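Chemist: this one's structure only:
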């Protein structure tokens, strides 16, 4: 496997000993919860989550995701304040990275350090010590070309600045976190979960099936928090096992196919499962502020 001394550029991983130290984990989780609330300007993330679920419970259920050609920042924010997901069909097509093909990853970025999700990263998706392997982009491409796996290795949630230079993000949010990139062949999956931040998801190459469920249907999804901002679910939204998870029959599961060049808005608290239908490059950014669905009435959660 190709080696690169620059792998130290990757962020440190959670040590196994730390992952299994309950006292240390509890202290860190409390500190993180306080930081998360401060960043979003709320009294507590738990109160913000409850307010989002209350706000969305009054919305009509949708059976499909609305589509628009393009929106300016004011139009986007006004629509996002309604608390429903929607798709923009054109904005990503103009990005320089969208004009390239997957060959550029090997031609120009083979030595770029990456962290691959390997093995059963679905059932361990929200564990602090899930199986991952540090390597270069070239080594990752060799790994998937070899095809010796039952679940395709996945590059997920990586801050790849070299690729981001070829992206032109719209300024829909006042404050956004850094872009995160997701790369892999057909068959990669991010299991059902909710992020309690507004999210714009750009499909740059390939296509993905994204299953969505509204925040107030959380009681039907057998959830388990990874932290206060990230809530995981064991339900397979594409093929729910109703014998094992009978309450999931009451959840509204909405399918959205996101094609290359399109951008999906996923409001804070909406559950989503992501399945690559072809070799895909996607990127997303999370807002770092009060979710837009609470912009008119914050339900008393503002700090």
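Modeler: Sure thing, it's come through. Keep in mind that what you see is a predicted model, and the values were worked out from it rather than measured.
Chemist: what lies in contact with the lengthiest helix in the chain?
Modeler: Counting by DSSP state H, the longest helix found in the chain is helix 22-40. The set of residues external to helix 22-40 that reach it, using Cβ atoms under 8 Å, 6 or more residues apart in numbering, is 18-19, 43-45, 48, 128, 197, 227-229, 288-291, 303. C-beta coordinates here come from the backbone N, C-alpha and C atoms, glycine included.
Chemist: 6 Å instead, please
Modeler: The contact list for helix 22-40 (Cβ atoms under 6 Å, 6 or more residues apart in numbering) reads 18, 44, 45, 228, 229, 288, 290.
Chemist: and those, which of them are buried?
Modeler: Those of the contacts of helix 22-40 that meet the buried threshold are 44, 45, 228, 229, 288, 290, by 16 or more other Cβ atoms under 10 Å.
Chemist: now, those that are in strands?
Modeler: Among the buried ones among the contacts of helix 22-40, none falls in strands (DSSP state E).
Chemist: rewinding a little: now the longest helix of the chain: how far from the chain's centre is it?
Modeler: Its chain's C-alpha centre and that of helix 22-40 lie 20 Å apart, by Cα atoms, centre = their mean, to the nearest Å.
Chemist: list the buried residues of that helix.
Modeler: Of the residues in helix 22-40, 33, 36, 37, 40 count as buried by neighbour count, 16+ other Cβ under 10 Å.
Chemist: low-confidence ranges in the stretch 1-150 of the chain?
Modeler: 1-9, 13-22, 25 (pLDDT under 70).
Chemist: tell me where it has helices.
Modeler: 16-19, 22-40, 45-57, 73-80, 103-109, 137-146 (DSSP state H, counting those that start in this stretch).
Chemist: how near is the closest residue to residue 171 other than its chain neighbours to residue 292?
Modeler: Excluding the flanking residues, the one nearest residue 171 by Cβ to Cβ, 6 or more residues apart in numbering is residue 73, at 5.7 Å. When distance is defined by Cβ to Cβ, to the nearest Å, residue 73 is 12 Å away from residue 292.
Chemist: again, but for residue 248
Modeler: Applying Cβ to Cβ, the value for residue 248 to residue 292 is 28 Å.
Chemist: swap in residue 219?
Modeler: 24 Å.
Chemist: for residue 165, same thing?
Modeler: Note on residue 165: its distance to residue 292, by Cβ to Cβ, is 28 Å.
Chemist: pretty sure residue 256 contacts residue 210?
Modeler: Yes - at 4.8 Å, residue 256 counts as touching residue 210 under the criterion of Cβ atoms under 6 Å.
Chemist: of those two, which one has the most company?
Modeler: Just comparing residue 256 and residue 210: by other Cβ atoms under 10 Å the higher neighbour count belongs to residue 210, 23 against 20.
Chemist: now do the contacts for that one.
Modeler: Residue 210 sits next to 256, 258, 272, 274 when contact means Cβ under 6 Å, 6+ apart.
Chemist: and these, which of them are in helices?
Modeler: Short answer: these have none in helices (DSSP H).
Chemist: so which of those are in strands?
Modeler: Short answer: those in strands (DSSP E) are 256, 258, 272, 274.
Chemist: now the first one: closest residue in space, sequence neighbours ignored.
Modeler: If the residues on either side of it in the chain are set aside, residue 256 comes closest to residue 65, at 4.3 Å by Cβ to Cβ, 6+ apart.
Chemist: in contact with the one you found, which residues?
Modeler: 85, 87, 256 are the contacts of residue 65 under Cβ under 6 Å, 6+ apart.
Chemist: from residue 69, how far off is the last one?
Modeler: Plainly put, residue 256 is 16 Å away from residue 69 if you go by Cβ to Cβ.
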